[in-house]
Every structure is written in structure tokens, then in C-alpha cells.
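Novice: build me a structure from this.
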Amino acid sequence: MGNRLSKIYTRTGDDGSTGLGDGSRVAKDSLRVGAYGTVDELNSTIGMVLASNGVADDVREALTQVQHDLFDLGGELCIPGMAMVHDADIERLEQVLDAFNDPLPPLKDFILPGGGMAASCCHLARTVCRRAEREVIALGREEEVRPQAQRYLNRLSDLLFVVSRVLARASGHGEVLWNHERRRKPQA
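Specialist: So this is what the prediction gives:
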């Protein structure tokens, strides 16, 4: 491991800039900082899922691996030109997604965020993941971003949706279905 942090504050960011992993400095509100900052936020929301009660070991294992991947992805976004997320990581996500999704009944209705604390936290992680994906796309319009970053986040949001279904069912709360009939007006 490189340098260890012995002092947390440096005062170098007091001017509104921050250092990237390659040593260059950019504005704290740059697209790149926004993208890896949202990936960090996503990692934290997955930590909330893992801190919830009743998370099965297979879900815990999968999401812990995702947290490591997200740390790598944040590093890739923080160091322009770095490659840390690979096609094999995306393929692994797809395999995990299929394994969790196969036993679930097919969807017939939209699902609302809910279904217990762990499932709700997972829905929150899914929405943060979608925002991270949008920010990586925006960054890619302005600077070089490897396509694996966007593909990983796209697949991860799908996995988080499926895991939220798994968690809602395991909790006993069940999935919260959107009642689209509630707005229909009675026939006169």
C-alpha cells in the first residue's frame, strides 16, 4: 500500500480544488469528482444494506464483493487512464444476478421501494447506482472513460433491484406492488 494517512486534513482543498490519483488538481465540482463521489456514496448505501438485519449469507457475500469492485471503480475514475474494472467483473455480476433472479416469480406489476429495512436500503442503493451511471455517462461525453465503468453500473443497478426483491421476500414483508388501479375513475 502506498502512503498512509497520518493527518486527515491537508487544507489543500480549501480553495475548492482536489487532487486526483495522478497528482493533477481539479475543481471539487468537476464531472470526474462528481462521478467517483457518487460511486463512493453508492458504496456507503450498500454498507447500509449490509448493516441491516436478516441479510442472508449469499447476499452478504455478493454485496461485499460489489463494495470492493466499487472501490476499484472509484479508483479508476479518480486516476484518468486507469483500468481496474474489467469485463470479467461484469460477467460475474451477470452470473450472480441470474442466480438470484431465477427462483423469483416473474414480475407482473411495478414494485415500489419498500419491503423491510434491508430491501428499502437496497432500493436506495439502486437509485444511487442509477445516478452514478448517469454521472459516468456525462463524464464520458467530456473526458475519456472506459465503457466497462458504465456497463458495470448498469448491470449493478439490475442486480440491486433483484436483491431488493430477494430481501423483501426473505424479510416476511414481501414486495410492495404499485397499485395502478387506484387512479381509475368509476364508470358513470
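Novice: can I get stretch 97-107 in CSV? Just the C-alpha atoms.
Specialist: Coordinates of each C-alpha in stretch 97-107 appear next as CSV, following Å, rounded to 0.1, in the frame of the first residue of the first chain:
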residue,chain,number,x,y,z
LEU,A,97,-27.9,-11.6,-10.9
ASP,A,98,-29.1,-14.7,-12.8
ALA,A,99,-28.7,-16.9,-9.7
PHE,A,100,-30.7,-14.5,-7.5
ASN,A,101,-33.4,-13.9,-10.2
ASP,A,102,-34.0,-17.4,-11.4
PRO,A,103,-36.1,-18.6,-8.4
LEU,A,104,-38.1,-15.3,-8.2
PRO,A,105,-41.6,-15.3,-9.8
PRO,A,106,-41.9,-13.2,-13.0
LEU,A,107,-42.9,-9.6,-12.5
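Novice: list the contacts of that stretch.
Specialist: Contacting residues not belonging to stretch 97-107 are listed as 58-59, 62, 155, 158-159, 162-163, 165-166, 169 [Cβ atoms under 8 Å, 6 or more residues apart in numbering]. C-beta here means a position set from N, CA and C on the backbone, and glycine is covered the same way.
Novice: just stretch 133-140 next, same as before
Specialist: So stretch 133-140 is in contact with 31-32, 34-35, 38, 77, 145, 149-150, 153-154, 157, going by Cβ under 8 Å, 6+ apart.
Novice: same thing with stretch 163-179?
Specialist: Against stretch 163-179 from outside (Cβ under 8 Å, 6+ apart): 49, 52, 54-56, 59, 62-63, 100, 104, 109-120, 122-123, 126.
Novice: what about the strands in the protein?
Specialist: Assigned by DSSP state E, the strands in the chain fall at 17-19, 25-27, 111-112, 176-177.
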